[in-house]
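Novice: requesting a structural model of the entry that follows:
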Amino acid sequence: MSNVANFLIFQVRYNQEHTHIIAVMQVRNQPNSIPTQIGRLEVITNIHAGLKYATAYHDNGTWNYGNEVFVEEVGGTEYIKTEPDDRLADNLGELPEF
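Specialist: Have a look, this model is predicted:
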């Protein structure tokens, strides 16, 4: 990842259809940060405001970076993704659900 992320997303909650993320669990990318739950639209707003997000995996007490998270507009709706595609769905890879 070229720019260091401000926040790391490590879990997601999807809607019933599994197309939209409802909320994410995030942690500030600094030592001793406390995880917080925020809504999908807040993630989108934060990215538009210039904050950087990445996915992450917690392993043996260490956060391991996944991929950069970005906003992609498809069909007039904004989605949060780690890979560009034309799907009408959020896609942050294989993060565990909460």
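Novice: next, residue 42: phi, psi?
Specialist: With angles defined as degrees, to the nearest 10, residue 42 shows backbone torsions of phi -70, psi -40.
Novice: how far away is it from residue 6?
Specialist: Relative to residue 6, residue 42 is positioned 13 Å away (CB to CB, to the nearest Å). The way it works is simple: take the backbone N, C-alpha and C, and place the C-beta from them, glycine included.
Novice: quick one: contacts for residue 5?
Specialist: Residues in contact with residue 5 (CB atoms under 8 Å, 6 or more residues apart in numbering) are 29, 52, 53, 54, 65, 68, 69.
Novice: make it 6 Å
Specialist: Listed by CB atoms under 6 Å, 6 or more residues apart in numbering, the contact set of residue 5 reads 29, 52, 53, 54.
Novice: tell me the pLDDT at the residue nearest to it when sequence neighbours are not counted?
Specialist: Leaving out its chain neighbours, the residue that sits closest to residue 5 by CB to CB, 6 or more residues apart in numbering is residue 54, at 3.8 Å. On pLDDT, residue 54 comes in at 97.
Novice: residue 54 contacts residue 68, correct?
Specialist: Yes - applying CB atoms under 6 Å, one finds residue 54 in contact with residue 68, separated by 5.3 Å.
Novice: of those two, which one has the most company?
Specialist: residue 54 (22 against 16; other CB atoms under 10 Å).
Novice: what bridges to that one?
Specialist: residue 8, residue 68 (DSSP bridges).
Novice: more neighbours, residue 42 and residue 6?
Specialist: Using other CB under 10 Å, the more surrounded residue of residue 42 and residue 6 is residue 6, with 16 against 13.
Novice: let me see the contact set for that one.
Specialist: Applying CB under 6 Å, 6+ apart, the residues contacting residue 6 are 29, 51, 52.
Novice: low-confidence stretches in this structure?
Specialist: Within the chain, the segments meeting pLDDT under 70 span 1-3.
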